[in-house]
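Peer 1: predicted model follows, preceded by the sequence.
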Amino acid sequence: MPTFDFQTILQSILQWFLSPGLKIFAIIIAGIIVYKIFKKFSLRLIGVITKKTYADQDNKALEKRTQTLAQIFLMAGKIMIILVVTMMILPEFGINIGALLAGIGVLGLAIGFGSQSLVKDIVSGLFILIEDQYRVGDWVNIDGTEGKVEDINLRRTTLRGLNGVQYFIIHSTIKKVSNLSKGFSRVDMNIALGYEVNLDKAIEIINKTGKALAQDTQFRALITKPPEVLGVENIEGDKVSLRILGDTKPGKHWEVARALRKRIKEALTKEEITMK
């Protein structure tokens with residue numbers, strides 16, 4: 001029956017920790033330090049580049065652009081550092097890196113034939129970032145799916161819908177993107193009035209209400225063009241629809257539209273004008 005020399009085993013373990021183990025620990029610590037330095041300087045660099053490249057955009061737009069690029073850049077850097085650290089640690093466990101890399105190369109070639117869709121996803125993701133189609137924080141409509149951009153990586157975009165549902169959209173499947181919060185947003189609504197209403201009077205009231213809202217201390221920073229009546233949009237049965245348009249800061253059109261509807265309702269009711 002074999003006997004165990006615990007002293008010998010303990011000495012072997014201690015020797016491993018003092019040699020390969022200590023080296024592995026040092027490599028991991030070095031990798032963490034390198035990542036922290038990389039993160040610090042890359043964020044500064046991305047900030048400088050975006051400010052120079054998109055100098056005509058406001059601070060919020062620059063912040064969104066910087067955040068979007070930083071997520072992709074830091075993820076790529078983290079993966080590279082992890083790979084390098086892993087390759088440096090494996091020989092300490094007696095693993096032949098050369099043979100491993102050769103095996104990975106053959107496996108990668110085999111996988112490559114079946115991963116063409118992944119390549120398409122990544123290429124599409126690169127074009128989305130390069131063309132600045134949308135950023136983290138933007139409200140977009142992607143092929144009929146609408147929501148706020150929560151995350152972007154090279155393969156997919158994550159949206160959060162108004163109902164709280166989270167959507168994951170693969171980049172290679174995207175055909176059409178509508179960015180609802182880039183540059184500016186627009187209040188676009190119809191108000192239905194009774195057929196017998198004096199339209200000139202109603203339009204005057206609505207336009208005054210839109211101007212008053214744009215001058216309100218709560219909303220003037222959000223509105224870039226006061227909402228006003230564009231004209232008669234439709235006549236149907238016993239009602240006439242008026243089209244109202246106005247421009248706001250990106251993503252602020254819902255807030256402005258809700259306030260505008262309330263004020264228009266109050267103003268028209270005060271003048272005894274019937275809404276349908």
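Peer 2: Arrived safely, thanks for sending. It should be emphasised that the depicted structure is a prediction, and the values quoted were computed from it without experimental measurement.

Peer 1: okay, buried residues for the lengthiest strand in the chain please.
Peer 2: Taking DSSP state E as the criterion, the chain has its longest strand at strand 223-236. By neighbour count with 16 or more other C-beta atoms under 10 Å, strand 223-236 contains the buried residues Ile223, Thr224, Pro226, Pro227, Glu228, Val229, Glu233. All C-beta atoms are positioned from the backbone trio N, CA, C, and that covers glycine.

Peer 1: ok, of those residues, which one's closest to Gly125?
Peer 2: Thr224 (31.8 Å; C-beta to C-beta).

Peer 1: just the pLDDT for that closest one.
Peer 2: pLDDT, Thr224: 92.

Peer 1: for stretch 180-188, buried residues please.
Peer 2: Quick answer for stretch 180-188 (16+ other C-beta under 10 Å): Leu180, Ser181, Lys182, Ser185, Arg186, Val187.

Peer 1: rewinding a little: now for the buried residues of strand 223-236, which pair is the farthest apart?
Peer 2: Farthest pair in the buried residues of strand 223-236 (C-beta to C-beta) is Thr224 and Glu233. Separation: 22.5 Å.

Peer 1: which residues does stretch 124-131 contact?
Peer 2: With contacts defined as C-beta atoms under 8 Å, 6 or more residues apart in numbering, stretch 124-131 is touched by 68-69, 72, 134, 152-157, 171-172, 174.

Peer 1: domain map for this protein?
Peer 2: 7-114, 121-179, 185-270 (automatic domain parsing).

Peer 1: which one of those lies closest to Lys276?
Peer 2: domain 185-270 (4.0 Å).

Peer 1: now the terminal residues of that closest one, how far apart.
Peer 2: 30 Å (C-alpha to C-alpha, to the nearest Å).

Peer 1: buried ones in stretch 72-87?
Peer 2: Neighbour counts over stretch 72-87 (16+ other C-beta under 10 Å) mark Ile72, Phe73, Leu74, Ile81, Val85 as buried.

Peer 1: would the third one count as being in a strand?
Peer 2: Read it as Leu74. No. Looking at Leu74 with DSSP: H, G, I helix; E, B strand; the rest coil, it is helix, so not inside a strand.

Peer 1: spatially speaking, which residue is in the middle of the protein?
Peer 2: For the chain, the residue nearest the mean C-alpha position is Val136 (2.0 Å; C-alpha atoms, centre = their mean).

Peer 1: now the helices for the stretch 151-276 of the chain?
Peer 2: 199-215, 253-270 (DSSP state H, counting those that start in this stretch).

Peer 1: can you redo these as a markdown table with mean pLDDT, distance to Phe127 and mean neighbour count?
Peer 2: Compiled in a markdown table, the helices of the stretch 151-276 of the chain are given as follows (pLDDT from 0 to 100; distance: least, C-beta to C-beta, whole Å; neighbours: other C-beta atoms under 10 Å):
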| stretch | mean pLDDT | distance to Phe127 | mean neighbour count |
| --- | --- | --- | --- |
| helix 199-215 | 94 | 38 | 17 |
| helix 253-270 | 93 | 28 | 16 |
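
Peer 1: out of those helices, flag the one nearest Asp143.
Peer 2: helix 253-270 (21.6 Å).

Peer 1: got the angle for that closest one vs helix 199-215?
Peer 2: Calculated by axes from the mean of the first three to the mean of the last three C-alpha atoms, to 10 degrees, helix 253-270 forms an angle of 130 degrees with helix 199-215.

Peer 1: quick one: contacts of helix 253-270?
Peer 2: For helix 253-270, the external contacting residues (C-beta under 8 Å, 6+ apart) are 180, 185-189, 191, 193, 202, 205-206, 208-210, 212-213, 219, 222-223, 227, 244, 246, 248, 274-275.

Peer 1: can you do 10 Å?
Peer 2: Residues external to helix 253-270 that are found in contact with it (C-beta atoms under 10 Å, 6 or more residues apart in numbering): 139, 162, 180-181, 184-189, 191, 193, 197, 201-202, 205-206, 208-210, 212-214, 216, 218-219, 222-223, 226-227, 242, 244, 246-249, 273-275.
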